[in-house]
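[1] When you get a sec, could you give me coordinates for this:
(2 chains)
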There are 2 protein chains.
Amino acid sequence: MEQSAGADFQRWRLLLAYDGAAFRGFAPQPEVPTVAGALRQALGRTARMSEGPVITCAGRTDAGVHARGQVVHVDLPPIAYDGVGLARALNRQLAPQVVVVRAEMAPPGFDARRSATGRAYRYLVWNAPAPDPLLAAVSWHVRDPLDLVSMRTASDVLLGTHDFRSFCRHRPGGDGSEPIVRRVTRAQWSVDDSPEVHDVRNGGAEGRLLRFDIAAGSFCHQMVRSLVGALVEVGRGRENAAGLMARLRAVSRHRMPDPAPPGGLCLVSVTYDDGS
Amino acid sequence: MEQSAGADFQRWRLLLAYDGAAFRGFAPQPEVPTVAGALRQALGRTARMSEGPVITCAGRTDAGVHARGQVVHVDLPPIAYDGVGLARALNRQLAPQVVVVRAEMAPPGFDARRSATGRAYRYLVWNAPAPDPLLAAVSWHVRDPLDLVSMRTASDVLLGTHDFRSFCRHRPGGDGSEPIVRRVTRAQWSVDDSPEVHDVRNGGAEGRLLRFDIAAGSFCHQMVRSLVGALVEVGRGRENAAGLMARLRAVSRHRMPDPAPPGGLCLVSVTYDDGS
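    Numbering: from 1, shown residues only, chains lettered A, B, ... in the order given. Here you go, the predicted model:
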């Protein structure tokens, strides 16, 4: 087990879900509530570590972004819990904002970030004249009627391997001149016709809940939100698939539409080579 | 127009949605945030009334209960807005916690409460080993596996006209000796197989989102939550349809299960004789 904190330490793999609105992102920061900060504190208490363990995640999520399938690993000293007991002990401290859906001992060599071969996100757009109070925390309210057909055509442009520099926010210190090549395996819009939406209609309101599913080996910073921001411009008729392709080829963030707000985004799943 | 505040006043009908978690119930109370309090303040500002109008609603919701189809009426002095403009002016002040989905001048004699002929509520139960952070605000997390078949059988007992005293909280001052007869026209459990739930499963968690739809001419206080509390006991196997019928016939709250928590409940729609 590389990166283990000591011979007696055991690597654990945790599956996490969280409400991003309650945190200033995943990565720990002093003095502000973060998912990793909350989890580290709970783990420190449960595993009786004064500092709490270092937490390595499959996909760092920004402030306000939700997760249902985040995977992390941590190295813990021997504890008196099995996976079910550990999850329960952590959930007593963290739920419902953060939930440890499953905890298990990691297989040899497992690294939540490096071993991950794919990530899938979904983005929800509430396309309606009026906002919806019960969807506000998990979706972006767009008032202008969106043309789903042109959004679908434009999304097809993203499939395959491209330099996504135009749609990535530079990490501090970067100048945007490095290629950021990613392989997108899914980029699909659908209409979410769930009972939730029927409730809205039964109540007497109009609206469609649009859902964007995107999967890739990995993503660069703010990539999904930047793509959704551009695709919604397509839906509004201010841009088209050819324009989106030109943006992609320009490898520049110059005059890019604003990224879509974080609350609509959710990390849905992470895949590993062993199929788990 | 009965109850009008003056000859120049116009009665408006508003369709409301709100996030109950943000309020201490619908009815105005001094010093605490309520839906009617927030709406009254916004209406007072928009219609330039120093006090704000009295707000009459179709169904008073308790603290924490949501709505997607609440209907209210208010009497306003002449204003410079049409319905679309009034809704927009109010939403600028209230959204997303409270949303005026539609505003329109009420037909002659309309009274949001007295003219209503039916109300429909839904209750969501997240039946899973672990809570879900994104469903926590709109559902009740029940860990014990629930038997949907027996819950359905027991729900059928509720259909028709009964004295629902066993399932109603007495209003202050009442002693529970008065019959509370209501006609239930729908009482149905279903499994909500929405993309939301697929996200949970894609993430790697288990769970079912159970949905209870109930409709009646009107409801008494805490009736839906009391019924759901009893029906979940049936799902756990601690009670059955015959026991539920005995409770109904006993017309007493003696040893009733706790009412289900308010966050799972939502007022979905109100019907009026004109079919609107």
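
[2] hang on, A:M256 packs against A:A230?
    Yes: applying C-beta atoms under 8 Å, one finds A:M256 in contact with A:A230, separated by 6.9 Å. The way it works is simple: take the backbone N, C-alpha and C, and place the C-beta from them, glycine included.

[3] The two: who's more crowded?
    Between A:M256 and A:A230, A:A230 has the larger neighbour count (other C-beta atoms under 10 Å in any protein chain shown), namely 26 against 16.

[4] just the strands in the stretch 101-250 of chain A please.
    All strands of the stretch 101-250 of chain A, identified by DSSP state E, counting those that start in this stretch, fall at A:116-127, A:140-142, A:160-163, A:181-191, A:208-216.

[5] can the ones you listed go into CSV with extra columns for distance to chain B and mean neighbour count?
    As requested, these are exported to CSV (distance: least, C-beta to the nearest C-beta, whole Å; neighbours: other C-beta atoms under 10 Å in any protein chain shown):
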stretch, distance to chain B, mean neighbour count
strand A:116-127, 6, 22
strand A:140-142, 7, 20
strand A:160-163, 23, 14
strand A:181-191, 8, 16
strand A:208-216, 6, 22
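
[6] Can you check which residues contact both of A:M256 and A:A230?
    The contact sets of A:M256 and A:A230 overlap at A:167, A:247 (C-beta atoms under 8 Å, 6 or more residues apart in numbering or on different chains).

[7] What is the burial count for A:A17?
    Neighbour tally, A:A17, other C-beta under 10 Å: 29.

[8] packing partners for the strand or helix carrying it?
    Following DSSP states H and E, one finds A:A17 within strand A:10-18. In terms of contacts (3 or more C-beta pairs under 8 Å, 6 or more residues apart in numbering or on different chains; DSSP states H and E), strand A:10-18 is packed against helix A:35-46, strand A:66-76, helix A:83-94, strand A:98-105, helix B:195-203.

[9] Tell me which of those sits nearest to B:S115.
    Between B:S115 and the helices and strands packed on strand A:10-18, the shortest separation by C-beta to C-beta is 34.9 Å, and it involves helix B:195-203.

[10] Highest mean neighbour count out of the helices and strands packed on strand A:10-18?
    Neighbour counts (mean count of other C-beta atoms under 10 Å in any protein chain shown) averaged over each of those peak at strand A:66-76, with a mean of 26.

[11] Those residues of the stretch 151-276 of chain A touching chain B, which are they?
    A:190, A:192, A:194-196, A:199-200, A:202-205, A:211, A:266, A:268-269 (C-beta under 8 Å from any C-beta of the partner chain).

[12] hmm, try it at 10 Å
    A:190-207, A:209, A:211, A:213, A:266-270, A:276 (C-beta under 10 Å from any C-beta of the partner chain).

[13] can you list the weak-confidence ranges in the stretch 1-150 of chain A?
    For the stretch 1-150 of chain A, the stretches flagged by pLDDT under 70 are A:1-7.

[14] Identify the residues contacting the nearest residue to A:V74 once chain neighbours are set aside.
    Residue nearest to A:V74 in three dimensions, not counting chain neighbours: A:P53, with 4.3 Å by C-beta to C-beta, 6 or more residues apart in numbering or on different chains. By C-beta atoms under 10 Å, 6 or more residues apart in numbering or on different chains, the contact set of A:P53 is A:5, A:9, A:11-12, A:39-40, A:43-44, A:47, A:72-77.

[15] same deal with A:S269?
    Applying C-beta under 10 Å, 6+ apart, the residues contacting A:S269 are A:15, A:58, A:67-71, A:118-122, A:215, B:199, B:201-204.

[16] I'd like to know how far the closest residue to A:L94 other than its chain neighbours sits from chain B.
    Computed as C-beta to C-beta, 6+ apart, the closest residue to A:L94 that is not its neighbour in sequence is A:A42, at 5.4 Å. Separation of A:A42 from chain B (C-beta to the nearest C-beta, to the nearest Å) stands at 15 Å.

[17] wait, isn't A:A42 in contact with A:A87?
    No: A:A42 is beyond contact range of A:A87, at 11.0 Å (criterion: C-beta atoms under 10 Å).

[18] which neighbours do these two share?
    With C-beta under 10 Å, 6+ apart, A:A42 and A:A87 have common neighbours A:V100.

[19] returning to what we had before: out of the helices and strands packed on strand A:10-18, which is closest to B:D163?
    For B:D163, the closest of these is helix B:195-203, at 36.9 Å, according to C-beta to C-beta.

[20] name the helices or strands packed onto the closest one?
    strand A:10-18, strand A:66-76, strand A:98-105, strand A:116-127, helix A:195-203, strand A:208-216, strand A:265-272, strand B:208-216 (3 or more C-beta pairs under 10 Å, 6 or more residues apart in numbering or on different chains; DSSP states H and E).

[21] Report all helices and strands that the third one contacts.
    Which is strand A:98-105. strand A:10-18, helix A:35-46, strand A:66-76, helix A:83-94, helix B:195-203.

[22] Please repeat the previous calculation with a cut-off of 6 Å.
    Applying 3 or more C-beta pairs under 6 Å, 6 or more residues apart in numbering or on different chains; DSSP states H and E, we find strand A:98-105 packed against strand A:10-18, helix A:83-94.

[23] Convert the C-alpha atoms of the first one to PDB, please.
    What that stands for is strand A:10-18. The C-alpha coordinates for strand A:10-18 follow below in PDB (Å, rounded to 0.1, in the frame of the first residue of the first chain):
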ATOM      1  CA  GLN A  10      -5.300  -0.100   6.900                       C
ATOM      2  CA  ARG A  11      -6.500   1.600   3.700                       C
ATOM      3  CA  TRP A  12     -10.300   2.200   3.600                       C
ATOM      4  CA  ARG A  13     -12.400   3.000   0.700                       C
ATOM      5  CA  LEU A  14     -15.500   5.200   1.400                       C
ATOM      6  CA  LEU A  15     -18.400   5.900  -0.900                       C
ATOM      7  CA  LEU A  16     -19.800   9.400  -0.200                       C
ATOM      8  CA  ALA A  17     -22.900  11.400  -0.900                       C
ATOM      9  CA  TYR A  18     -23.200  15.100   0.100                       C
END
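
[24] That one pairs with which strands?
    With DSSP bridges as the test, strand A:10-18 is paired with strand A:66-76 (antiparallel), strand A:98-105 (antiparallel).

[25] Which parts of chain A belong to which domain?
    A:10-105, A:118-272 (automatic domain parsing).

[26] will you turn those domains into TSV that also has distance to B:D19?
    Below are these laid out as TSV (distance: least, C-beta to C-beta, whole Å):
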stretch	distance to B:D19
domain A:10-105	12
domain A:118-272	4
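
[27] for these, which one sits closest to B:E178?
    In terms of C-beta to C-beta, the element of the domains of chain A nearest to B:E178 is domain A:118-272, at 31.7 Å.

[28] Quote the end-to-end distance of the closest one.
    7 Å (C-alpha to C-alpha, to the nearest Å).
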